[in-house]
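**Student:** Structural data only, the sequence is not supplied:
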């Protein structure tokens with residue numbers, strides 16, 4: 001089983017991941033932001049490899065972030081809807097998964113992110129667009145694994 005915790009910056013993902021890790025005694029995995037062209041092009045394979053592992057784990061971010069942040073930060077996502085369906089099917093056949101969608105008011109998460117000193121999103125309108133992107137993604141019809149919203153306001 002995999003617990004995937006994803007959502008905009010400042011919504012409590014890492015806090016929730018740490019608490020679940022303590023209670024379940026499961027490891028937390030954080031798949032980093034792709035930096036090189038090779039890493040970007042290899043994202044789908046990386047997620048398939050992780051989804052194929054038959055182990056319990058908590059993921060602090062997942063491919064959903066790429067689908068939201070990619071178009072906003074790099075003008076393109078390296079994961080599309082069909083690839084995400086394949087990733088989700090792979091998760092289901094290897095122990096299952098659930099997506100805990102961390103969310104809160106954009107003003108709240110903006111304040112949290114600014115307090116932490118996150119520098120890569122400096123425009124509040126981009127921050128709002130990230131929230132909007134996750135909200136749309138959480139409601140798509142093609143999602144295969146269950147999604148549970150987790151509000152941190």
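**Tutor:** Right, received. Where do you want to start? Remember, it's a predicted structure, so these values are computed and weren't measured experimentally.

**Student:** only C-alpha atoms for contact and neighbour calcs from this point on.
**Tutor:** Will do.

**Student:** looking at it, residue 9 is touching residue 113, isn't it?
**Tutor:** Yes - in terms of Cα atoms under 8 Å, residue 9 counts as a neighbour of residue 113; the distance is 6.4 Å.

**Student:** So if I had to pick from those two, which one is more boxed in?
**Tutor:** Between residue 9 and residue 113, residue 9 has the larger neighbour count (other Cα atoms under 10 Å), namely 22 against 19.

**Student:** Which of the helices or strands spans the more buried one?
**Tutor:** Applying DSSP states H and E as the criterion places residue 9 outside every helix and strand.

**Student:** Next SSE downstream of the top strand by length along the chain?
**Tutor:** Looking across the chain with DSSP state E, the single longest strand is strand 97-103. Scanning forward in sequence from strand 97-103 by DSSP H and E, the next helix or strand is helix 106-116.

**Student:** re earlier: partner strands of the longest strand of the chain and their direction?
**Tutor:** strand 2-6 (parallel), strand 147-151 (parallel) (DSSP bridges).

**Student:** Pull the residues that contact the top helix by length along the chain.
**Tutor:** Counting residues, the longest helix found in the chain (DSSP state H) is helix 124-138. Applying Cα atoms under 8 Å, 6 or more residues apart in numbering, the set of residues contacting helix 124-138 from outside is 7-8, 64-65, 68-69, 72, 101, 103, 106, 110, 121, 147.

**Student:** got it, and stretch 82-99?
**Tutor:** Contact with stretch 82-99 is made by 1-6, 44, 47-48, 51-55, 63, 142-148, as judged by Cα under 8 Å, 6+ apart.

**Student:** List only buried entries from the residues you listed.
**Tutor:** Among these, the ones that count as buried by 16 or more other Cα atoms under 10 Å are 1-6, 44, 47-48, 51-52, 63, 144, 147.

**Student:** Could I get those residues in TSV, plus columns for pLDDT?
**Tutor:** Output for the buried ones among the contacts of stretch 82-99, formatted as TSV (pLDDT from 0 to 100):
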residue	pLDDT
1	96
2	98
3	98
4	98
5	98
6	97
44	96
47	97
48	97
51	97
52	97
63	95
144	91
147	94
